[in-house]
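Student: Show me the folded form of this:
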Amino acid sequence: MAKVLAVSEQQLIQAFLDQLWLDKGVSEHTLSAYGTDLTKFALFLQQQGQQLTTVDQLLLNNYLAYRVDQGFSPRSTSRALSSLRRFYRYLHKTRQISENPLADVFNPKIGRSLPKTLSEQDVDLLLAAPDVSDLIQFRDKVMLEILYAAGLRVSELVALTLQQINLRQGLVRVTGKGKKERLVPLGETAVHWLDQYLHQGRGLLLDGQSDVVFPSSRGQQMTRQTFWHRIKFYAKVAGISAELSPHTVRHAFATHLLNHGADLRVVQLLLGHSDLSTTQIYTHVAQARLKSLHQQHHPRG
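Tutor: So this is what the prediction gives:
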């Protein structure tokens, strides 16, 4: 497949991404995912001598067959189709095409996989892994405490500013996807560590004036990738064999709340999910955990 996309096609995709950002305020990560899906499709079309504005259902079916041949998973193809559906809705709405070729195309059926999570014991081990006598690890300890206490996305955690935190009330004001705000309680333990860090650690990490709560070793806002590597390191220190990422801790936050009787709609609000169905998957994790405990401890399990 050709590697270089025609300039006109690049401009068409970029115009869509710009409009998507203006209308919906989606994150850079989401925009990047849309751009990747559309670029792959445009490169496929280019090899067929076609353009994004000349697509019909036959070409689309050929692309779906190509993805099967290349070994793409149904979940990956479903996401790509969602990107294409939104893109062609935009082209049709802006009258750049006369008909929407995806109007009658449905996503492939996929099994809904359960999110990977951690046991409460593993979370305790992870939170105890950083050496708080070391400044960087002290910062990481507090980040892990906040991540688990509030169930933040990693992008929300690294972008956290002083203005978003109210230690007196024990709350953090989070700006999530679609620039939607939510208030999340931190709990006494996280507030204790955050208070210590703000008074004894943060100022030593800063490089000039900044309101970022968790600066990197260079005194600037940390990247998502950096924290991902940090959490991998602490999983190794803690002896946790399960595959771990910041999102795994967010899953643990939701699952453990449900295990302890939290209402599903409350968990939805805390996670910042706009749709309750997105949160409902965690009930399956909680039910699986309860079933396992029943089998392990009940005399007739």
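Student: which residues in the stretch 101-250 of the chain form strands?
Tutor: Assigned by DSSP state E, counting those that start in this stretch, the strands in the stretch 101-250 of the chain fall at 165-166, 171-175, 181-185.
Student: just for the stretch 51-200 of the chain, where's the confidence low?
Tutor: Applying pLDDT under 70 to the stretch 51-200 of the chain picks out residues 105-116.
Student: May I see the strands of the stretch 101-250 of the chain organised as a markdown table, with distance to Pro246 and mean neighbour count added?
Tutor: In this view, the C-beta of every residue, glycine as well, is placed from N, C-alpha and C. Written out in a markdown table, the entries for the strands of the stretch 101-250 of the chain read as follows (distance: least, CB to CB, whole Å; neighbours: other CB atoms under 10 Å):
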| stretch | distance to Pro246 | mean neighbour count |
| --- | --- | --- |
| strand 165-166 | 19 | 16 |
| strand 171-175 | 14 | 19 |
| strand 181-185 | 16 | 15 |
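Student: Would you format those as CSV with distance to Leu38 included?
Tutor: What follows is those, written out as CSV (distance: least, CB to CB, whole Å):
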stretch, distance to Leu38
strand 165-166, 38
strand 171-175, 26
strand 181-185, 30
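Student: Thr226 is nearest to which of those?
Tutor: With respect to Thr226, and counting by CB to CB, the nearest of these is strand 171-175 at 19.9 Å.
Student: contacts for that closest one?
Tutor: If you take CB atoms under 8 Å, 6 or more residues apart in numbering as the criterion, strand 171-175 is touched by 146, 150, 152, 156, 160, 164-166, 181-186, 272.
Student: Which strands border it, and is each parallel or antiparallel?
Tutor: The strands that strand 171-175 pairs with in its sheet are strand 165-166 (antiparallel), strand 181-185 (antiparallel) (by DSSP bridges).
Student: what ranges do the helices span in the stretch 201-301 of the chain?
Tutor: 202-205, 224-238, 246-259, 264-271, 276-297 (DSSP state H, counting those that start in this stretch).
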